[in-house]
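**Q** any chance you can model this:
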Amino acid sequence: MFRIRQSSREDAEQILAVAEHLDTVNLPADRRHIERILELSEKSFAATVPAVEREYLFVLEDLGKRRVIGTSMVHAQHGTKRAPHIFFRVENDERYSYTLDRYFVHRTLRIGYNYAGPTEIGGLILLPEYRGNPESLGKLLSYVRFLFIRMHREVFRDQVLSELLPPLEPDGTSRLWEHLGRHFTGLSYQEADLLSKDNKEFIHALFPDDPIHCELLPAEVREIIGQVGPETRGVEKILRRIGFEYAGQIDPFDGGPHFVATTDQIPLVRDAAQVPLALVDDTDGARPWAILGVEGPAGFRAVGARVIKQDDGRFGVTKDVIDRLGVGADPRAWLVLA
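**A** Prediction:
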């Protein structure tokens, strides 16, 4: 049995163990940062911080083992006046010589800043032993964020961003950073990555505003710009399935691609609705699969389950779904077919 819920500060130890499987900017494998993320997440769910500062961390539990086995996150707004969203625009520079009758299209990188940025999803990690589970746990972790966005649509922006990891070196470093960012900052990838979690001012101050021609970079660097790494190819497939597209932008640290979608055109946001539930004895495997979410005294909870749409408009679910959601008499839940 599995359930997604909002995180709490008591989850720090287990989340650290999960984060160590995929050390990312959004969810670094660092106790101090995880404790800060959990503190902000708790305040975000309680709506005690301004909407633009809210960052929500969800955890997936194996209820039988009482174990956190995965995480996902949504940032209400990624990019503010205090902490802009920073990226490289990937552009083409066309050149033609009449004298030589030669035409070239050169790829360039130009630094960009967004001070009123989009909503961002990230921090998606599922422990390896749970990948490929018949209950589609990776899809549940990813999709639940869009159900939550619909539940609190007024908090979130009109565009959603996902930054995907590119191919990295075996030691976790980035070829792009070693051949580019290091020369402009004097910092190693690890040093810059750690510093950027708290302060990105050094990028604005030290990176050039003029376009950087990719032809000046080694071939092994050019080939990974905008490419999705093996760890996140599954995420790319999920995102493309629900309308995300490559934005022509990459991360200035590692060259990973940015994918975007219009919030209200994402099917999981557009089609989600609050519905009444009914208790049924069984839902066979031919029934549609849905994500159901509720909020109550225990906070936000969500599950993935087969449902039966009844003639009276209610959706039939089994008792274990009711129990995992923690709803009582005349239950209602937000639901989206997935």
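**Q** could you use CA atoms for every contact and neighbour count after this?
**A** OK.
**Q** so where's the stretch 151-300 of the chain uncertain?
**A** By pLDDT under 70, the weakly predicted segments of the stretch 151-300 of the chain are 286.
**Q** helices along that one, start to end?
**A** Here the stretch 151-300 of the chain has its helices, by DSSP state H, counting those that start in this stretch, at 175-176, 182-185, 189-196, 201-206, 219-222, 233-241, 267-270.
**Q** for those, which one ends up most surrounded?
**A** Neighbour counts (mean count of other Cα atoms under 10 Å) averaged over each of the helices of the stretch 151-300 of the chain peak at helix 175-176, with a mean of 24.
**Q** who touches it?
**A** Identification of contacts with helix 175-176 by Cα atoms under 8 Å, 6 or more residues apart in numbering yields L168, E169, E220, V221, I225, F253, D254, G255.
**Q** most widely separated two among those residues?
**A** Farthest apart among the contacts of helix 175-176 by Cα to Cα are E220 and F253. That separation is 15.8 Å.
**Q** before we move on, the earlier item: selection in PyMOL covering whichever of the contacts of helix 175-176 are buried, please.
**A** Remark: buried members of these, expressed as a PyMOL selection using 16 or more other Cα atoms under 10 Å:
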select buried, resi 168+221+225+253+254+255
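**Q** export the contacts of helix 175-176 to JSON lines and tack on distance to G328?
**A** What follows is those, written out as JSON lines (distance: Cα to Cα, whole Å):
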{"residue": "L168", "distance to G328": "48"}
{"residue": "E169", "distance to G328": "50"}
{"residue": "E220", "distance to G328": "58"}
{"residue": "V221", "distance to G328": "56"}
{"residue": "I225", "distance to G328": "51"}
{"residue": "F253", "distance to G328": "48"}
{"residue": "D254", "distance to G328": "48"}
{"residue": "G255", "distance to G328": "48"}
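**Q** tell me the centre residue of the chain?
**A** G122 (2.0 Å; Cα atoms, centre = their mean).
**Q** state the phi and psi torsions of it.
**A** Main-chain torsions, G122, degrees, to the nearest 10: phi -170, psi -170.
**Q** what's the helix or strand for the nearest residue to it once chain neighbours are set aside?
**A** The spatial neighbour of G122 that comes closest, neighbours along the chain excluded (Cα to Cα, 6 or more residues apart in numbering), is M73 at 5.2 Å. According to DSSP states H and E, M73 maps onto strand 67-75.
**Q** pretty sure D254 sits against S174.
**A** Yes. Using Cα atoms under 8 Å, D254 is in contact with S174, at 5.2 Å.
**Q** give me the common contacts of the two.
**A** Contacts common to D254 and S174, judged by Cα under 8 Å, 6+ apart, are L168.
**Q** quick one, what contacts the residue nearest to the centre of the chain?
**A** N26, S72, M73, V74, S162, E163.
**Q** please name the bridge partners of the residue nearest to G122.
**A** L57, G122 (DSSP bridges).
**Q** was I right about it contacting E55?
**A** Yes. With contact defined as Cα under 8 Å, M73 reaches E55; the gap is 7.1 Å.
**Q** residues near the nearest residue to L165 once chain neighbours are set aside, how many?
**A** Excluding the flanking residues, the one nearest L165 by Cα to Cα, 6+ apart is G256, at 5.0 Å. Using other Cα atoms under 10 Å, the number of residues around G256 comes to 24.
**Q** which stretches in the stretch 51-200 of the chain count as strands?
**A** Counting by DSSP state E, counting those that start in this stretch, the stretch 51-200 of the chain has strands at residues 55-62, 67-75, 85-97, 102-114, 119-126, 159-163.
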